[in-house]
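Student: what would the 3D arrangement of this be:
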Amino acid sequence: MNAHEDALHHPWGQDLPAPGRAREVAPGVSWVRMGLPFALDHINLWMLRDEIAGRAGWSVVDTCVDQAESRKQWDEVIATSMQGLPVLRVLATHMHPDHLGLAHWLGDRFGAPLWISTSDYLMARLAVHQQDAYGGQATAEFFSRHGVQDPQVLAAVIARKDYYARMVPRVPVHYKRLQDGQQLEIGGVQWRCISGYGHAPEHMALYCEDPGLPQPLLISGDMVLPRISTNISVYENEPEGNPLQLFLQSIDKFLSLPAHTLVLPSHGKPFVGLHERVRQLHQHHQDRLGEVIQACQAQPQSASDVVKVMFKRSLDVHQTTFALGESLAHLHLLWHAGRLDRHTDDHGVLRFAAT
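Tutor: So this is what the prediction gives:
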């Protein structure tokens, strides 16, 4: 736990679901926790008891990456926790591999359609089929233009040209669209879609305020996490984007929800304290922006320089790619706000200086 988490209430404390097992957190809502092959070593998946056209089963929110261990864990969940009922549909909060990777596998196994926003569906399809999605030569050139000079890092980025497709080998050919404000009936109760931007093209959280539930529920995906701020990055395919501004505007939508809402995040533990967590996230990014502007006042900074300002720990190559995107997101918010100027130095590197 840390000071931010201590300010939140975690109803289950450190008591986590056993591997391959689901735990009920509200009537008809079960929590599954699966391992990930990253420093962020797990993802929470949510199973919602459902019935469609008289057929009983489950709607599943998010799927984990496509790897042998994840399929094995799903086999255990299906055998132990689904009461012999099928998956009726797969709801993906967004297109990142840990959320969408096994949508095709569950769909093939159960005939379950994929529900996802159009923006994320199309970006996922592009990432699977595009040679340089989230890696490759174009991304390495983008990193180099923002000050990355370490040949090992650049070589590793070039080698990651199939990074997305390794974890999401296939995206279903058909999908059903999720949109902001859309009401979904799941298990006889209404869930409302809440769009979010900055972390993914068109992230969808799900909110339920049914009077039959002990308290309102928010499946927040990656938009609101209890311990860390989700990654907000500028990418090579939108090199002048302003995702941090979009993210901060998006999380303010959650302030209209009741303070006692039970938040079911994609990483970390379920918690109560949504308004406090939104406040913490704003403060976290304001603090980082303060560090960035101070560095840029001292001397012009590349995004690679700012990584060292914002991340004061050793990073592996995987973490460095996220850190560079996050550093650039903070620089771009200040640049778009007119607080920084951007220029290209004599070595072709983009640098930011205080106005």
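Student: how about the helices in the stretch 251-355 of the chain?
Tutor: Secondary structure of the stretch 251-355 of the chain (DSSP state H, counting those that start in this stretch): helices at 274-298, 303-310, 317-336.
Student: tabulate the ones you listed (a markdown table), appending distance to Pro239 and mean pLDDT.
Tutor: Where you see a C-beta, it was placed from the backbone N, CA and C, and this is true even at glycine. What follows is these, written out as a markdown table (distance: least, C-beta to C-beta, whole Å; pLDDT from 0 to 100):
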| stretch | distance to Pro239 | mean pLDDT |
| --- | --- | --- |
| helix 274-298 | 18 | 98 |
| helix 303-310 | 11 | 97 |
| helix 317-336 | 9 | 94 |
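Student: which one, of the ones you listed, ends up nearest to His174?
Tutor: helix 317-336 (31.0 Å; C-beta to C-beta).
Student: span of stretch 6-19 from start to end?
Tutor: Terminal residues of stretch 6-19 lie 26 Å apart, using C-alpha to C-alpha, to the nearest Å.
Student: what's it in contact with?
Tutor: 23, 25, 31-35, 73, 76, 226, 262, 269-273, 276-277, 280 (C-beta atoms under 8 Å, 6 or more residues apart in numbering).
Student: stretch 107-116: which residues count as buried?
Tutor: Using 16 or more other C-beta atoms under 10 Å as the test for burial, stretch 107-116 gives Gly107, Phe110, Ala112, Pro113, Leu114, Trp115, Ile116.
Student: pLDDT at the closest residue to the first one other than its chain neighbours, what is it?
Tutor: It refers to Gly107. Among residues not flanking Gly107 along the chain, Pro172 sits closest, at 5.2 Å (C-beta to C-beta, 6 or more residues apart in numbering). If you check Pro172, the pLDDT there is 98.
Student: phi, psi for Pro172 please.
Tutor: Main-chain torsions, Pro172, degrees, to the nearest 10: phi -50, psi 140.
Student: so among the contacts of stretch 6-19, which ones count as buried?
Tutor: Buried residues within the contacts of stretch 6-19, counting neighbours by 16+ other C-beta under 10 Å: 23, 25, 31-34, 73, 76, 226, 262, 269-273, 277, 280.
Student: chain neighbours aside, what residue packs nearest to the spatially most central residue of the chain?
Tutor: With distances taken as C-alpha atoms, centre = their mean, the residue of the chain nearest its centroid is Asp222 (3.7 Å). Leaving out its chain neighbours, the residue that sits closest to Asp222 by C-beta to C-beta, 6+ apart is Thr230, at 4.3 Å.
Student: related to what we said a few turns ago, taking the buried residues of stretch 107-116, tell me the two that lie furthest apart.
Tutor: Between any two of these (C-beta to C-beta), the greatest distance is 16.7 Å, for Phe110 and Ile116.
Student: and Ile78, how far is that from Thr344?
Tutor: 54 Å (C-beta to C-beta, to the nearest Å).
Student: and what of Asn2?
Tutor: Relative to Thr344, and taking C-beta to C-beta, Asn2 is found at 39 Å.
Student: ok, Glu69 next?
Tutor: Where Thr344 is concerned, Glu69 sits at a distance of 45 Å (C-beta to C-beta).
Student: more crowded one of those two?
Tutor: Taking neighbours as other C-beta atoms under 10 Å, Glu69 and Thr344 compare with Glu69 leading, 14 against 10.
Student: list the contacts for that one?
Tutor: Counted by C-beta under 8 Å, 6+ apart, Glu69 has contacts Gly35.
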